[in-house]
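Okay, sequence plus prediction incoming.
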Amino acid sequence: MHNKLTKADINKMQEEIEYREVVLRPKILEDVNTARGYGDLSENAEYKIAKQEKNRNESRIRHLKNMIKTAIIIEDNSKDDEVGLSDTVTLYIEEDDVDETYTVVTNIRVDIKGNYISYESPVAKAILGKKEGDRVKVKVSDDYSYYCVIKKIEKGTEDDSRPIRGY
């Protein structure tokens, strides 16, 4: 599987890898060695916890490196008046009679609570490439869809200020 990521996503992931390898790994190894000194390893909870943390860290490093290795770099090619990647869009949801604001991001930057939605989500698929004032149909499933109107587009820039998603 190939991950579609931006250059900023890759940079952010490389920063996390470096932090985990240079800062966290030595600290965790020290914690493992300290806990090992507490005695019988079969009943040593501190040792088990330290080992689990070591394994989580190494797993995250492998995961990030694999994502980078299999990545396909994508760029926002939208025009100035069209919805594109990193843009913040205010939508009027007709059936709910409410405005909602979303920022379109790559999968690794999704944060539903912060209204950062994947460019692969039904909403983003419906609005990408559209302009202010356009009425679009958001197809959620074969049985359900709804309409919204693009009220405002704030052009964003690809940056690495947003955190990447953990696992």
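Now that the structure is in, tell me what you want to look at.

Can you list the neighbours in contact with stretch 5-23?
Where contact means Cβ atoms under 8 Å, 6 or more residues apart in numbering, the residues beyond stretch 5-23 that reach it are 57, 60-61, 64-65, 67-68, 71-76, 85, 106, 108-109, 158-160, 163-164. In short, each C-beta sits where N, CA and C put it, glycine included.

Could you check stretch 52-68 and say which residues are buried?
Lys54, Asn57, Arg60, Ile61, Leu64, Met67 (16 or more other Cβ atoms under 10 Å).

now stretch 80-87
Buried residues in stretch 80-87, counted by 16+ other Cβ under 10 Å: Glu82, Val83, Gly84, Leu85, Ser86, Asp87.

and those residues, which two are the farthest apart?
Glu82 and Ser86 (12.5 Å; Cβ to Cβ).

Could you list every helix and strand in contact with the helix or strand Asp31 falls within?
Using DSSP states H and E, Asp31 falls within helix 25-36. Other elements packing on helix 25-36 under the criterion 3 or more Cβ pairs under 8 Å, 6 or more residues apart in numbering; DSSP states H and E are helix 45-69.

Mind giving me the packing neighbours of the helix it packs on?
Counting by 3+ Cβ pairs under 8 Å, 6+ apart, helix 45-69 packs on strand 3-5, helix 7-19, helix 25-36.

Centre of the chain to the last one, how far?
Centroid displacement of helix 25-36 relative to its chain, using Cα atoms, centre = their mean, to the nearest Å, is 30 Å.

Same question for stretch 119-134.
On Cα atoms, centre = their mean, the centre of stretch 119-134 falls 18 Å from that of its chain.

Mind listing the residues bridging to Leu91?
Glu100, Ile150 (DSSP bridges).

coming back round to it: next, format the buried residues of stretch 52-68 as CSV and append pLDDT and distance to Ser118.
As requested, the buried residues of stretch 52-68 are exported to CSV (pLDDT from 0 to 100; distance: Cβ to Cβ, whole Å):
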residue, pLDDT, distance to Ser118
Lys54, 95, 31
Asn57, 96, 26
Arg60, 96, 21
Ile61, 97, 24
Leu64, 95, 18
Met67, 94, 15
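
just to revisit the earlier point, tell me the mean pLDDT over the helix holding Asp31?
Averaging pLDDT along helix 25-36 yields 90.

List the buried residues in that helix.
Neighbour count says helix 25-36 has Ile28, Asp31, Val32, Ala35 buried, by 16+ other Cβ under 10 Å.

and the residues you listed as a markdown table, adding distance to Asp143?
Formatted as a markdown table, the buried residues of helix 25-36 follow (distance: Cβ to Cβ, whole Å):
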| residue | distance to Asp143 |
| --- | --- |
| Ile28 | 48 |
| Asp31 | 51 |
| Val32 | 52 |
| Ala35 | 54 |
